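Engineer: Fold the following for me, if possible:
(chains A and B)
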Amino acid sequence: MNRRRFIKTTAAIGIGLELMPDLLKGFDEPEIIIQDEFLEGDNVVIILELFGGNDGLNTIIPADDDQYYKIRPNIGIPKDETIKVNDLYFNKALVQDVKNGGFKRMFEDGRLAIVEGIGYDQPNLSHFRSEDIWLSGINPKSNHKEKLLEGWLGRYFALKLPNYPMQIPEHPISISIDGAISLIFKSSKGDMGVALTNPDEFYKLGVGLSPKESLMQGNSYYENEFNFIHTIARQSDIYSQAVKTAYDKGIQKINGNLYSETELSQKFKLISALIAGGLKTKVYFVKLSNFDTHAQQMNTAYTGQHYLLLNAVSKAISEFMQDALENGLSERITGMTISEFGRRAYDNGSRGTDHGAASMQFVWGNDKFINGGYWNNRPNLVDLDANGNIKYQTDYRVIYTEILEKRLGATPEDVVKVFGEPFLPLNILEKRVNSVTERNFLGKNGIVISPNPNSGYGIIQFELKYNTFVDISVFNLTGRVHKTIQRSYLTEGYYKIPFYIEDNGTFIIAITAGNSRFSEKFTVFR
Amino acid sequence: MKLLDFFNEFDFPRIQSVDLNEKTGKLTYKEALHLLRRISFHPTPEQVETIVGKSATEAFDLIVGHGNEPLPEPTPSMSSWINKLEENPLDDLPLDIRFQIEGRQKSHYAEFIDWWLTLMKSPKFPEIEKFTLFLSSIWTIEFTYDTEALIPVPLLYRNNNTLRQLRLSSYKSIASAMTLDGAMLLYQSMFYSTNTAPNENYARELMELFTMGIGDLDSGKANYTEADIREISKAFTGWRTVAYLGQEGAPANKPFQTFFVAKFHDKGSKKIFQFGKIDPITDEDNTEDLVKKREIDGLIDILFNERGMSIARFIADKVIRFYCYSSPYSNLELINGLAQYFVENEFNLYKLYKKLFTSNFFYSDELIGCQIKTPPEFLIGLQRMFGVDLDSTQQGKTRRYMNSLEQILYDPPNVGSWKGYRTWINTTTYPLRVKYAREYLGILKDSDLFNFIKKFQNYKNIDLLTKALTNYLLPVEVSHDRLNEYKNILLNGIAENNWENSITNEDKKVADGIRLFLTRIFSSPDFQLC
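Structural biologist: Next comes the predicted model:
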């Protein structure tokens, strides 16, 4: 808690200031957080938004599935036009003309995870609404008009920086490489980060803006708003200098020659320079548009708009990761793509596709800390939803949860605060640089579910090694919680807890204590 | 921890005063400035002097007028296109023709916004545009001319004029007028609404965003159900606007006017809320005049009869945020007080404004200087203060700068309008504001600066001048220390007893001192407040 804030407000409720004489100094210095558990740790997350709706089906092509060619007579990509990588068929844009083998090499090295079937319940087919759903992490299917004005990362950062913006981290916690800050970083406390496209311009704008006037002491509306503006001004100054310093240093260090001349690669080059220059920003956000390929998605040579976009993506990411590897920074990096939806399974008459639902996304990083490979099942092209779209397998927030828990220090409780409900990660990411010691809180047998499979009734057995608050919940395979069995403080000992599941299917029981979790799958059929 | 929650609450203070009784006495300089900052885009120094010494009511009458003033004229260039229909680009036109039409409409849009900004810049009484902007911020239109909802700019122009004309009238008549407004019909897809497929967009937004809100501000009780939305959308079927050349069913020679298509109208009965009922109509009665009377005006009547207090609270809250304090935490007692008065006065905005802007509440200390300047208050304010047009260096600069400060007129981020309050100030927009103010200073000549200074009566006395300038440029009196600092910057090395001479002679050193002083003022946090 900020002690100075305490002074200001207790003054307002009439407690005598003489009680705390040593803290009566004015607010002359900005409140920069020097030491904070959350801010420690050097993980960097990069989020690349593929705006317009990326056609996952033509990105990782199910070339062994005859149904694919039946439903895509116009733009189905023939097997011999794809690039085989292990037992997957990549759109050649992901490999061709990309130095260092592009996504093929990354996948073979185990540095790339392809997660199939990411989406959410009752998909919304409007670009802007679905984009907002992805960026906010909220799926308000009950109130389709509910305004989504905050982002999941915005909410998380606001949670971890409770006195923001009166107390700020040394460096911007997030950067949108864009003219404006993405919704993903907005929160009730304001924008949790900055937006910039050019570090020199950003510097010129912000430098020297720290007001010469001091903060005000009182609590009138005028003084409150004055102090708010003062803080933003100060923040602009501090951040413009931090970014410039990091950029000037970093641009000398990185291997600029690795990067193509495309706009996207140049943006990633900027990010690389900032990281290499010592900027402590935790999340970078980049948006690539024009994936809305209703028409002319692809020409007869299997190139065209979609090809160019995927090629740009593969280039930027693999060039960046190569640079990071050479700089010794690759272990810190984790990236993911997001897209407001995939495209319809059937192609349309205009050599394109219409708005879809679930799609695959990429997650990438250093092979030490990521479990690369192909996740989930191949898309089911027969059992489509009512709109002719691919059904989702994993809720998009499962990937977000993984990022939050394994890179940004979130506990499962934090995740519930951010999304309003818990999610179960898939374990695509390995945990890295954990500043909180994790204790194995269950005995060596972990969780035992019997019987398994069962007809709905079962018993969970486990040994609890010490006293702690425990959450026992059942999740379905999409990663969303199905029901919570118990949440309570338990003392060490052996437990046998009965449960009942109404529905048939495969589920996962997860026992969570603090930020540690054990899970076990089981099946119910009647 | 309860105590921590209490502290978080303090991040957004609430209005305490609720005294709506009429303020007695003559307005002081500070009070006159406060009034003018809130109901206009900032007064010129002369305007403040005009208002000082008047009573609150006299001041209000002079500044606000009566609402029947003649509407401003369009520019000659605008006159060439505001009545001219074009083809619908979505009608399978060749791509290059389509691009041409889109290009024209985009440049018309720029012209229209520049025109509106010119009106805002005008430092005349009565103040018209602030009240127009208030309504435009509620009855949002998002201009688009390249996707599915194409809104020809002449419709934006008409929408703007309607709001201007009705800015001080009954909120009911505004609701009726907006329901049949061409831009609104297109934006809210009523243009496609038929009896077989009524479009629910507008019905929902009418209630949720434009009149009453989802739940009553006091009781929290839901104001309407999905069934109400469905019934209301049925009542609204059948209306179109002449938006394009060769539009099917459009009456001839009535460009951009709203018209009724009987075959698309749902003739059945409609049941709204508890008592609201619209009887079924015969084919004979299914005419423009009758349906307008029964199912547009009549429906608005139902909304205001059954949800009068909810609507009054909702609008009172918006009025308080726009003109008094935009903090999201409301004072229910204040809202209820204003709402009650609003209902008793037939939802008349003029009367509501008069009540509010002559009240003790409005002039209470707690409201002085608490509003973060919106982009127009900031940019137009600069011009009002110093008299030089930003656009004099380049046409359209004010509009472009306002866009980059994140308020694009007729294009809010979504139908819910601009969030406002502290969202105007972030690490992107704050540096831009300072940059624009400095740039503006750069286009002022030394002679402009001297003219400005000499408007302050006691300019020959450096102490009095410093005080007068800070009292004009900043909303709240500054501390002695700050005043001293500003005085020294203004003096710019000139000895105090030489000031009178130097300024009478219009010494270069004085001009430089004024620039340094203004540069300093522009980067003070309270320059962003009004």
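Engineer: excluding its backbone neighbours, what's nearest B:F134?
Structural biologist: B:F322 (5.2 Å; Cβ to Cβ, 6 or more residues apart in numbering or on different chains). Glycine gets a C-beta too; all of them are placed from N, C-alpha and C.
Engineer: I'd say the one you found and B:L135 touch.
Structural biologist: No - assessed by Cβ atoms under 8 Å, B:F322 is found out of contact with B:L135, at 9.9 Å.
Engineer: any chance you could read off phi and psi for the residue lying closest to A:S359 once chain neighbours are set aside?
Structural biologist: Counting by Cβ to Cβ, 6+ apart, A:S359 lies nearest to A:G342, which is 2.7 Å off, once chain neighbours are set aside. Backbone torsions of A:G342, given as degrees, to the nearest 10, read phi -90, psi -150.
Engineer: Tell me the spacing between B:R313 and B:L334.
Structural biologist: 10 Å (Cβ to Cβ, to the nearest Å).
Engineer: So which of these two has more stuff around it?
Structural biologist: Neighbour comparison, B:R313 and B:L334: the larger count goes to B:R313, with 26 against 23 (by other Cβ atoms under 10 Å in any protein chain shown).
Engineer: Could you look up the SS state of the more buried one?
Structural biologist: helix (DSSP: H, G, I helix; E, B strand; the rest coil).
Engineer: can you pull the contacts of it?
Structural biologist: Residues counted as contacts of B:R313 (Cβ atoms under 8 Å, 6 or more residues apart in numbering or on different chains) are B:D216, B:L217, B:D218, B:I335, B:N336, B:A339.
Engineer: who wins for most neighbours among these?
Structural biologist: Counting by other Cβ under 10 Å, top hit in those: B:A339 with 25 neighbours.
Engineer: residues from chain A in reach of chain B?
Structural biologist: A:1, A:5-6, A:9, A:12, A:128, A:145, A:147, A:149, A:172, A:179-181, A:190-191, A:194-195, A:205-206, A:209, A:211-213, A:219-222, A:224-230, A:232-233, A:235-236, A:239-240 (Cβ under 8 Å from any Cβ of the partner chain).
Engineer: what number of residues lie near A:S488?
Structural biologist: 8.
Engineer: Report the mean per-residue pLDDT for the one helix or strand it maps to.
Structural biologist: Using DSSP states H and E, A:S488 sits within strand A:481-490. Here strand A:481-490 scores 93 as its mean pLDDT.
Engineer: In it, which residues are buried?
Structural biologist: Neighbour counts over strand A:481-490 (16 or more other Cβ atoms under 10 Å in any protein chain shown) mark A:V481, A:H482, A:I485, A:L490 as buried.
Engineer: Among those residues, find me the one that's closest to A:Q96.
Structural biologist: A:V481 (42.6 Å; Cβ to Cβ).
Engineer: which ones among the residues of chain A next to chain B are found in strands?
Structural biologist: A:G190, A:D191, A:V194, A:A195 (DSSP state E).
Engineer: The last one against A:L183, yeah?
Structural biologist: Same thing as A:A195. No - using Cβ under 8 Å, A:A195 makes no contact with A:L183, being 11.8 Å away.
Engineer: Give me the secondary structure label for the closest residue to A:T506 other than its chain neighbours.
Structural biologist: Nearest residue to A:T506, sequence neighbours excluded (Cβ to Cβ, 6+ apart): A:T523, at 4.9 Å. Using three-state DSSP, the structure places A:T523 in strand.
Engineer: And for A:I508?
Structural biologist: strand.
Engineer: Counting neighbours, what do you get for it?
Structural biologist: Neighbours of A:I508 (other Cβ under 10 Å): 17.
Engineer: again with B:D19
Structural biologist: Around B:D19 there are 14 residues (other Cβ under 10 Å).
Engineer: So what touches the strand holding A:S488?
Structural biologist: A:421-424, A:460, A:464, A:467-476, A:497, A:499, A:501, A:503, A:507, A:509.
Engineer: Which of those residues fall within strands?
Structural biologist: Counting by DSSP E, the contacts of strand A:481-490 contribute A:460, A:464, A:468-476, A:497, A:499, A:507, A:509 to strands.
Engineer: For the nearest residue to A:E31 once chain neighbours are set aside, list the residues it contacts.
Structural biologist: The shortest distance from A:E31 to any non-neighbouring residue, by Cβ to Cβ, 6+ apart, is to A:Q167 (4.1 Å). By Cβ under 8 Å, 6+ apart, the contact list for A:Q167 reads A:N2, A:E31, A:I32, A:I33, A:L161.
Engineer: Now do the nearest residue to B:V476 once chain neighbours are set aside, the pLDDT please.
Structural biologist: Counting by Cβ to Cβ, 6+ apart, B:V476 lies nearest to B:G369, which is 4.1 Å off, once chain neighbours are set aside. Reported pLDDT at B:G369 in the predicted model: 96.
Engineer: To which secondary structure element is B:G369 assigned?
Structural biologist: Going by DSSP H and E, B:G369 is not in any helix or strand.
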